[in-house]
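Asks: Give me a model of this one.
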Amino acid sequence: MSQTVRTKGMLAGFAIVVLVAGAGVAAAQQQGDWHLGMRAVFVDTDALSEPVLDTTSRLAVDGALGLEFDATYMLGHNWGLELMAMAAQHDLSAYSGQFDGLDVGTVWITETTVTLRYIVPLFGSWRPYLGAGVAGTYFFESDTTDEAGDLGVDSVESNFGYGFVGQVGLLHRFNDRWMLTLDVKWLDLPVDVDLESSGPPLDTVEIDLDPIVVGLGAAYRF
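Replies: Numbers count the residues shown, from 1 in each chain. I've put the predicted structure just below:
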């Protein structure tokens with residue numbers, strides 16, 4: 001058999017595999033389907049604020065574990081629109097300068113994203129995907145320490161920050177309804193944070209959170 005014939009045969013075989021795999025994905029997902037899911041997430045961030053309280057110290061936000069809920073509406077066989085909301089409790093501390101190492105307390109941070117996803121139709125029950133969209137964040141329910149209170153900081157709050165998000169992930173379908181989900185998001189999220197006292201805010205500084213959110217969970221198709 002000539003090299004040309006063998007090459008054509010290999011290409012034809014590859015094309016058949018792609019078509020069969022793509023047909024399997026198409027059969028499993030239809031326009032109008034909903035995927036509702038939940039994931040345990042790790043929010044990886046070591047964000048630092050601008051200098052605070054007219055010093056060289058900065059407010060540091062540590063990484064944290066959290067919980068995420070998501071809903072995806074399938075626009076077609078391979079395209080979906082995902083809405084995600086998550087929250088995690090983060091430790092706050094002072095970094096560098098005269099307050100270096102001071103324990104500021106904790107704060108809950110929520111992140112919300114809306115992404116357009118494309119599912120790669122090649123791997124049967126294993127389906128990688130890519131996505132991009134917009135993101136938002138908000139600080140709530142802070143709990144400051146006595147040390148922070150001695151400086152006049154009674155709470156840590158924020159406005160609503162917004163930015164952009166990129167996404168990669170992998171779906172593994174167990175059956176027609178249930179699937180395992182592994183998801184990684186990169187968020188570009190600046191936010192203005194207020195160091196609040198009993199009176200006017202002591203200071204307002206910008207923090208670039210820019211977290212990487214890694215999640216593992218399950219989803220159900222309706």
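Asks: State the distance from V153 to S57.
Replies: 12 Å (CB to CB, to the nearest Å). C-betas here are computed from N, CA, C, even on glycine.
Asks: So those two - more neighbours on which side?
Replies: Between V153 and S57, V153 has the larger neighbour count (other CB atoms under 10 Å), namely 26 against 20.
Asks: so what's the more buried one closest to, chain neighbours aside?
Replies: Spatial nearest neighbour of V153, chain neighbours left out: L195 (5.0 Å); criterion: CB to CB, 6 or more residues apart in numbering.
Asks: do W126 as well
Replies: H172 (5.5 Å).
Asks: That neighbour contacts G217, correct?
Replies: No. The criterion here is CB atoms under 8 Å, and H172 misses it with G217 at 11.7 Å.
Asks: out of these two, which sits in the busier spot?
Replies: With neighbours defined as other CB under 10 Å, H172 and G217 compare such that G217 has more, 18 against 15.
Asks: buried set for the helix or strand harbouring that one?
Replies: Using DSSP states H and E, G217 sits in strand 212-221. Neighbour-count burial for strand 212-221, counted by 16 or more other CB atoms under 10 Å, picks out V213, G215, G217, A219, R221.
Asks: closest to N159 among the residues you listed?
Replies: Nearest to N159 among the buried residues of strand 212-221: V213, at 20.8 Å, using CB to CB.
Asks: sec struct for H77, please.
Replies: Using DSSP: H, G, I helix; E, B strand; the rest coil, the structure places H77 in coil.
Asks: any idea how far it is from Y220?
Replies: For H77, the distance to Y220 (CB to CB) stands at 19 Å.
Asks: What of V193?
Replies: Per CB to CB, V193 is found 37 Å from Y220.
Asks: With W186 instead?
Replies: 26 Å.
Asks: before we move on, back to that, from the chain's centre, how far out does the strand holding G217 sit?
Replies: In terms of CA atoms, centre = their mean, to the nearest Å, the centre of strand 212-221 is found 10 Å from the chain centre.
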